[in-house]
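[1] Please work out how this folds:
(2 chains)
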Amino acid sequence: MSELAIQELSAELRDAITSLRDNNGLEESGIVTRVGDGVAFVYGLRNAGYNEVIEIETRDGGKVTAFALNLLEDEIGAVIMGEDAQVVAGAKVTMTGHVLDVPVGPELVGRVVDPLGNPLDGKGPIKAKERGLLERAAPGVMARKSVHEPLMTGLMAIDALVPIGRGQRELIIGDRQTGKTAIAIDTMINQAKQKTGIINVYVAIGQKMSKIAALVERLKREGVMDQTIVVATSPADPAPLLYLAPYAGTAMGEYFRDNGQHALIIHDDLSKHAVAYRQMSLLLRRPPGREAYPGDVFYLHSRLLERSAKLNDELGSGSLTALPIIETQAGDISAYIPTNVISITDGQIFLESNLFYQGIRPAISVGLSVSRVGGSAQTKAVKSVAGPLRLELAQYRELASFAQFASDLDPETKHRIERGRRLTEMLKQKQYQPLSVAEQTVSLMAATKGPFDTVPVEKIKDAQAELLNYMADKHGAVMKTLNKGDKPTDEIIATVIESGEKIAKSYTGGTAAPAAKPKKAKA
Amino acid sequence: MNRKASRRVIARTIAARILEQPAKQSHWLRVLAAYLIDNRMTDDADLVVNDIAHELYVQSGHLLVDVTSARALTDSVRDELTRTMREATGATHIELAEHTDPALLGGLVARTPDAVLDVSVSAKLKQLAIMR
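    Reported below is the predicted structural model:
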């Protein structure tokens, strides 16, 4: 053997000994036994944990990430995040030793990302300093505080009748094209408009990319994108990404909650999320249950939504408010997934198609919508005028069918019908035009305390706009006081009523004014 | 109802039998072969063997290490590898099955039933190529 070869052997021996000493950490590995439809079954990896990230070597020498969801006796079922075309049977699989996490922090605000935290907006990499776990335990009982701060959506119908508080979970449920996403967008716009400092997290689950692009464009135009994170998945993305999207968004929102700030998360929509989970579960050979959903589909959403909470003062008083969206079929709120999520959330806003087509937008069904937090999370200003509103609307709905016989009814009934029509008209609101606390209070005062009783129904919105302009112009101090949210004083109420009557005078005429409420006869 | 036993149960049973009666190892392997043929699990034979090797390690501390190196192992490398495996796995007895594969270029790859130690030159080159 030549001198050179001996030296090579010697060097190799030394290298081998050094390598052995330095690399005595054995790397647990397995092999793919079968793969298809985005699911790989892996032999080995006996110590793999649930949701642990594993890496599969691909044909071209690269690596594909997957996470272990089925820990069976003989094999692991792992869902592949990304394309499975390059994964073949026999491929080597290694554990990474950590579970799924995403970048979190203020660096994500203003960005559009996928559920793994990769940017989709072309603005370069996200240099987040921290990472948050996708699956995390919800805060315990003692870590929480009751919901007591309002989260103003800017929509009168919601803030007056179905008020939402910070830390609450309020479901938005309705058929397709009834304005569910519109409510979510208006709520986000209102946070920017009222400078609440609330960070928005919009999670698009299986939404068309064109719709997401239009939404981002609208948020930019309204100046909201600077305080919004968008987590985007399209129908073309693999089901595991759709499954992870709401958890990723919640992890991002939890960063703000745990650091004493307030965040709002919108899951649009959880029906598609349940369908993606069903797809994954069936491919993992988990036994199907009702409607072919896996048995733990309730737990899928309950563990997600429980993480939206209001923390106590010791933990910083931060909050994460959730507005999950569910799409129903033909208005059936008694279907499987809708009833599941209704029982999890702290109330629901039910949107009806027939109200939408009648022109009542937002098409909120006052009878079926509820907020279980209620007045605790309502500003005192709006609360003072919203009290009689629900009752008057309920009375109107009962009497509405008699409206066509108006001439044969007693004055009291006629008055209720006319008042109800005006209230219904007042609660209509254009998209992307959220109202402040003061504007809502003034509008509702005018509608409930009588000033607008003489205004024709079709002119109510014009009268409202004129009144708000008048109040801003002539009584700016009153509007400023009302915006603080405190209960209005008698002076303020008198000012608003007087202003309302002044505006209403210019609209009297056209449709006959309703009979005035009769005075009670003396005994 | 006749339920097919899982690979793990099969491996555990065969490993226990082999340890109880080492002289009857051939007999138990024939029983296993018959079971696999009868239950159409012959495709899983390699996996079952791997499981048995794991069970033997768990039940008796006897670990089989499959070593592939670019050139034949020298005594000092063999000793070093045995010591490293004993420290890493806690096995009481290490058995090396040695193979050579010039494609590794240098170093070696050591495989146990559950893990792999890859200190080959070809793996390092592959890693560098991916990083680039």
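
[2] Quick check: closest non-adjacent residue to residue B:10.
    Nearest residue to residue B:10 in three dimensions, chain neighbours excluded: residue B:48, at 6.0 Å (C-beta to C-beta, 6 or more residues apart in numbering or on different chains). Any C-beta I mention is one placed from the backbone N, CA and C, and that applies to glycine too.

[3] Now for that neighbour, how many residues are close by?
    Applying other C-beta atoms under 10 Å in any protein chain shown, we find 21 residues neighbouring residue B:48.

[4] Dihedrals phi and psi, the residue of the stretch 251-400 of chain A found nearest chain B?
    For the stretch 251-400 of chain A, the residue closest to chain B is residue A:285, as judged by C-beta to the nearest C-beta, at 14.4 Å. Here the main-chain torsion angles of residue A:285 (degrees, to the nearest 10) amount to phi 70, psi 30.

[5] Residue numbers of chain B in contact with chain A?
    Residues of chain B found near chain A, taking C-beta under 8 Å from any C-beta of the partner chain as the criterion, are B:6-9, B:47, B:50, B:54, B:70-71, B:74, B:76-77, B:80-81, B:84, B:87-89, B:106-108, B:112, B:114-119, B:126, B:129-130.

[6] Going through those, which ones are buried?
    B:7-8, B:47, B:50, B:54, B:70, B:77, B:80-81, B:84, B:88-89, B:106-108, B:112, B:114-119 (16 or more other C-beta atoms under 10 Å in any protein chain shown).

[7] which SSE is the residue nearest to residue B:10 in?
    For residue B:48, the enclosing helix or strand under DSSP states H and E is helix B:45-60.

[8] Buried residues in that helix, which are they?
    For helix B:45-60, the neighbour count (16+ other C-beta under 10 Å) marks B:47, B:48, B:49, B:50, B:51, B:52, B:53, B:54, B:55, B:56, B:57, B:58 as buried.

[9] mind saving the C-alpha coords of it as PDB?
    Below are the C-alpha coordinates for helix B:45-60, written out as PDB (Å, rounded to 0.1, in the frame of the first residue of the first chain):
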ATOM      1  CA  ALA B  45     -41.500  -9.700   7.000                       C
ATOM      2  CA  ASP B  46     -38.600  -7.100   7.100                       C
ATOM      3  CA  LEU B  47     -40.600  -4.900   9.400                       C
ATOM      4  CA  VAL B  48     -41.400  -7.900  11.700                       C
ATOM      5  CA  VAL B  49     -37.700  -8.800  11.800                       C
ATOM      6  CA  ASN B  50     -36.900  -5.300  12.800                       C
ATOM      7  CA  ASP B  51     -39.500  -5.400  15.500                       C
ATOM      8  CA  ILE B  52     -38.100  -8.600  16.800                       C
ATOM      9  CA  ALA B  53     -34.600  -7.100  17.000                       C
ATOM     10  CA  HIS B  54     -36.200  -4.200  18.900                       C
ATOM     11  CA  GLU B  55     -37.900  -6.600  21.300                       C
ATOM     12  CA  LEU B  56     -34.800  -8.600  21.900                       C
ATOM     13  CA  TYR B  57     -33.000  -5.300  22.800                       C
ATOM     14  CA  VAL B  58     -35.800  -4.300  25.200                       C
ATOM     15  CA  GLN B  59     -36.200  -7.700  26.800                       C
ATOM     16  CA  SER B  60     -32.600  -8.800  27.100                       C
END
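
[10] gap between the helix or strand just after that helix and the chain center?
    Sequence-wise, the next helix or strand beyond helix B:45-60 is strand B:62-69, with elements assigned using DSSP H and E. Centroid displacement of strand B:62-69 relative to its chain, using C-alpha atoms, centre = their mean, to the nearest Å, is 6 Å.

[11] hmm, who's touching strand B:62-69?
    Taking C-beta atoms under 8 Å, 6 or more residues apart in numbering or on different chains as the criterion, the residues outside strand B:62-69 that touch it are B:53, B:56-57, B:73, B:77, B:81, B:85, B:89, B:91-101, B:104, B:107-113.

[12] The helix or strand following that strand packs against which elements?
    Where DSSP H and E defines the elements, the next helix or strand beyond strand B:62-69 is helix B:75-89. Secondary-structure packing of helix B:75-89 (3 or more C-beta pairs under 8 Å, 6 or more residues apart in numbering or on different chains; DSSP states H and E): helix A:3-22, strand B:62-69, strand B:93-100, strand B:108-111.

[13] looking at those, which has the lowest confidence?
    For the helices and strands packed on helix B:75-89, the bottom mean pLDDT is recorded on helix A:3-22, which sits at a mean of 51.

[14] Give the rounded mean pLDDT of whichever helix or strand comes after that helix.
    On the C-terminal side of helix A:3-22, the closest following helix or strand by DSSP H and E is strand A:27-36. With pLDDT averaged residue by residue, strand A:27-36 scores 89.

[15] Where does the stretch 401-523 of chain A get nearest to chain B, which residue?
    residue A:432 (47.9 Å).

[16] name the element the closest residue to that residue other than its chain neighbours belongs to?
    Excluding the flanking residues, the one nearest residue A:432 by C-beta to C-beta, 6+ apart is residue A:189, at 6.2 Å. Here residue A:189, judged by DSSP H and E, is contained in helix A:180-193.

[17] and after that helix, which helix or strand comes next?
    Taking DSSP H and E as the definition, the helix or strand that follows helix A:180-193 towards the C-terminus is strand A:199-204.

[18] Report the angle between that following strand and helix A:180-193.
    Orientation check (axes from the mean of the first three to the mean of the last three C-alpha atoms, to 10 degrees): strand A:199-204 against helix A:180-193 gives 160 degrees.

[19] Direction included, what does strand A:199-204 pair against?
    For strand A:199-204, the paired strands and their directions (DSSP bridges) are strand A:228-232 (parallel), strand A:262-268 (parallel).

[20] so for that strand, what's the average pLDDT?
    Averaging pLDDT residue by residue across strand A:199-204 gives 98.

[21] same thing with stretch A:472-479?
    So the average pLDDT for stretch A:472-479 ends up being 94.

[22] Hmm, residue A:471 and residue A:496 touching each other?
    Yes. With the criterion set as C-beta atoms under 8 Å, residue A:496 and residue A:471 qualify as a contacting pair; they are 7.3 Å apart.

[23] So those two - more neighbours on which side?
    Between residue A:496 and residue A:471, counted using other C-beta under 10 Å, residue A:496 has the larger neighbour count: 27 against 23.

[24] Mind checking what secondary structure that one has?
    Secondary structure for residue A:496, judged by DSSP: H, G, I helix; E, B strand; the rest coil, is helix.

[25] contacting residues around it?
    Contact analysis of residue A:496 by C-beta under 8 Å, 6+ apart lists A:441, A:442, A:445, A:446, A:449, A:471, A:478, A:488.

[26] gap between the residue nearest to residue A:432 and chain B?
    45 Å (C-beta to the nearest C-beta, to the nearest Å).

[27] residue boundaries of the helices in the stretch 151-300 of chain A?
    For the stretch 151-300 of chain A, the helices defined by DSSP state H, counting those that start in this stretch occupy A:156-161, A:180-193, A:209-221, A:239-258, A:270-283, A:297-305.

[28] per-residue pLDDT, residue A:248?
    Looking at residue A:248, the pLDDT reads 98.

[29] what residues are up against it?
    Contact analysis of residue A:248 by C-beta under 8 Å, 6+ apart lists A:102, A:115, A:116, A:117, A:134, A:203, A:231.
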